[in-house]
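Student: Output the structure for:
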Amino acid sequence: MRCWGRNQYNITSAGRLGDGTLANSSVPVGVVGVSDATQVSGGEYGTCAVLDDGEVRCWGRNTYGELGNGTTDDSTMPVAVSGITNAKDVVVGAVHACALLDDGTIRCWGRNVSGQLGNGTNTNSSVPVTVSGISTAKAITAQFNGSCALLADQTAKCWGENGFGQLGDGTTTDRSTSVGVAGLTGASSIAGGRYFACATTESDVQCWGDNAYGQLGNGTTTNSTTPVPVGGLGTATHLTAGTVHSCARLPDGGAKCWGYNGNGQLADGTTTDSSTPVAVTGLAAVGTIAAGGYGTCATNADGAPHCWGRNTYGQIGDGTTTNRSTPTPVIAGLCESAPDPGFNDVSASAYYADAVAWLAAMGISTGTGPNTYSPNAVVSRKDMAVFLWRAFDSPAPQGANPFSDVPDGTYYTDATTWLAAMGISTGTGPNTYSPNAVVSRKDMAVFLWRATNSLDAPPHSFGDVPGGVYYEDAVSWLAYVGISVGTAPGVYSPNANVTRKDMAVFLNRRGCGTT
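Tutor: Okay, here's the model as predicted:
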């Protein structure tokens with residue numbers, strides 16, 4: 001997975017890019033520890049993904065439990081949503097999220113002040129709760145403080161905030177249990193915006209709710225508490241909605257958008273709002289299309305992503321912060337295209353060359369000397385600490401240095417202090433870090449695992465990793481996400497030393513995933 005754009009909501013609430021840092025990025029960065037995602041959804045303050053085994057992972061702000069892991073602690077990296085192992089899709093609103101399960105039910109978590117969890121209460125929940133009255137859902141979408149589901153009979157139900165009629169039931173009354181969207185039949189897809197929603201039917205596209213900028217597409221700016229047809233569009237194969245604009249992929253592969261256009265999010269080359277659909281320019285054969293708050297992204301015939309609209313925080317992914325009113329290619333980030341660092345002792349054909357280039361470009365290691373990386377040198381515990389600390393953008397450590405064998409003021413003092421504060425390593429004994437000791441493969445596994453939220457994983461198959469040892473779960477996770485499959489079939493070599501080339505590969509795969 002790759003994410004880009006704004007990563008920090010405020011000084012204490014951030015992490016929606018999932019790369020372990022708080023830094024915004026105008027180019028794609030890797031989501032830490034994820035290599036098998038099948039679906040993804042970004043919300044106001046966080047992001048969630050479905051993995052291919054049906055688990056859900058979320059990251060970002062967690063004030064109301066919107067990460068679903070039973071806490072209210074923010075996370076700059078993915079954490080597992082509690083109790084979900086059979087998800088098909090996930091959607092994220094402002095401060096809540098919902099997952100569609102393979103049995104047609106829906107579970108939601110996070111803030112519930114408007115009933116957006118759909119369980120008949122207004123009580124927040126930091127773990128998933130079941131949406132009442134829905135057992136045949138085929139698709140889901142999230143609004144700012146609400147959600148909607150497309151059902152097997154091609155009708156739809158919505159729940160949550162309804163001040164603009166965004167639930168489509170003919171009222172402006174909030175609902176903590178699902179209500180039917182009035183008059184909507186034959187629906188095949190559904191998309192939620194901030195305070196509105198749209199659905200495709202067999203003959204047209206219909207929208208309901210807030211219409212201040214023409215986002216309902218019916219030629220007016222009048223709100224509607226029931227569905228109204230989008231003018232001049234006809235049928236569509238896919239819908240998406242941002243804060244106050246909508247877009248549709250057409251059967252011929254083209255795309256049209258409507259609503260607010262102050263940042264160029266309609267992609268017609270202007271910044272003029274439109275209450276009826278206008279054609280997206282310069283992008284033929286659209287594959288998928290997805291809208292964010294004030295922007296949109298789509299793939300072309302080759303699968304290459306293009307984005308347009310607001311770009312204040314780099315959310316277009318073109319390496320700039322300039323708004324774009326036409327589709328602009330997303331450029332490759334460091335995971336895909338790190339520059340050659342110029343190390344004389346790293347051959348371009350070496351299996352670790354790309355990983356070393358990424359490491360250098362990230363500022364994790366600039367080598368051991370001029371044009372020298374020393375790939376075969378072993379990694380000490382102090383250097384391991386520095387590598388991990390820099391991978392997290394060198395955060396200021398919390399608390400005092402706890403280790404008597406780590407002098408204040410060394411290049412690794414802040415790193416080891418941070419490592420201890422994060423619980424990644426509390427040392428080798430009381431007040432002892434052993435900075436010059438060599439890192440073994442088993443300890444490397446533990447460091448990386450703890451630095452990635454100690455996620456669960458299926459059991460490993462290594463014959464030389466006994467059950468019940470302190471590093472067993474870490475090795476299982478390392479193998480599961482593809483960071484290391486061992487040194488030979490069925491062999492992990494837990495006591496072998498870690499070299500600098502191996503460390504580059506391990507960190508690169510942790511930060512960028514595997515292909």
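Student: Not counting sequence-adjacent ones, nearest residue to A97?
Tutor: C48 (5.3 Å; C-beta to C-beta, 6 or more residues apart in numbering). In short, each C-beta sits where N, CA and C put it, glycine included.
Student: quick one: strands adjacent to the helix or strand that that neighbour is a member of?
Tutor: Using DSSP states H and E, the element containing C48 is strand 46-51. With DSSP bridges as the test, strand 46-51 is paired with strand 37-42 (antiparallel), strand 56-60 (antiparallel).
Student: from the middle of its chain, how far away would the first one be?
Tutor: Distance of strand 37-42 from its chain centroid, counting by C-alpha atoms, centre = their mean, to the nearest Å, is 7 Å.
Student: Residues in contact with that strand: which ones?
Tutor: Strand 37-42 is contacted from outside by 1, 3, 16, 31, 47-52, 88-92, 97, 142, 292, using C-beta atoms under 8 Å, 6 or more residues apart in numbering.
Student: go again using 7 Å as the cut-off
Tutor: Under the criterion C-beta atoms under 7 Å, 6 or more residues apart in numbering, residues 1, 16, 47-52, 89-92, 292 lie in contact with strand 37-42.
Student: Can you say which two of the residues you listed are spatially most distant?
Tutor: The distance between the two most remote of the contacts of strand 37-42 (C-beta to C-beta) is 24.4 Å, for D52 and G292.
Student: Mind checking which of the two has more residues around it?
Tutor: G292 (19 against 10; other C-beta atoms under 10 Å).
Student: tell me the contacts of that one?
Tutor: Residues in contact with G292 (C-beta under 7 Å, 6+ apart) are 42, 242, 315.
Student: Neighbours of Y492, how many?
Tutor: For Y492, using other C-beta under 10 Å, the count is 24.
Student: Can you lay out the strands paired with strand 46-51 as JSON lines showing mean neighbour count, distance to V27 and mean pLDDT?
Tutor: Output for the strands paired with strand 46-51, formatted as JSON lines (neighbours: other C-beta atoms under 10 Å; distance: least, C-beta to C-beta, whole Å; pLDDT from 0 to 100):
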{"stretch": "strand 37-42", "mean neighbour count": "18", "distance to V27": "17", "mean pLDDT": "95"}
{"stretch": "strand 56-60", "mean neighbour count": "29", "distance to V27": "19", "mean pLDDT": "97"}
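Student: Can you say which of the ones you listed is nearest to H460?
Tutor: strand 56-60 (20.2 Å).
Student: what residues does that closest one touch?
Tutor: Under the criterion C-beta under 7 Å, 6+ apart, residues 15-16, 18, 34, 45-51, 67-68, 74-81, 84, 87, 90, 97, 99 lie in contact with strand 56-60.
Student: quick revisit: C-alpha coordinates for the strand holding C48, PDB please?
Tutor: Provided in PDB are the C-alpha atoms of strand 46-51 (Å, rounded to 0.1, in the frame of the first residue of the first chain):
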ATOM      1  CA  GLY A  46      -7.600   8.100   9.500                       C
ATOM      2  CA  THR A  47      -7.400   5.200   7.100                       C
ATOM      3  CA  CYS A  48      -8.400   1.600   7.200                       C
ATOM      4  CA  ALA A  49      -7.600  -1.400   5.000                       C
ATOM      5  CA  VAL A  50      -8.900  -4.900   4.500                       C
ATOM      6  CA  LEU A  51      -6.300  -7.700   4.300                       C
END
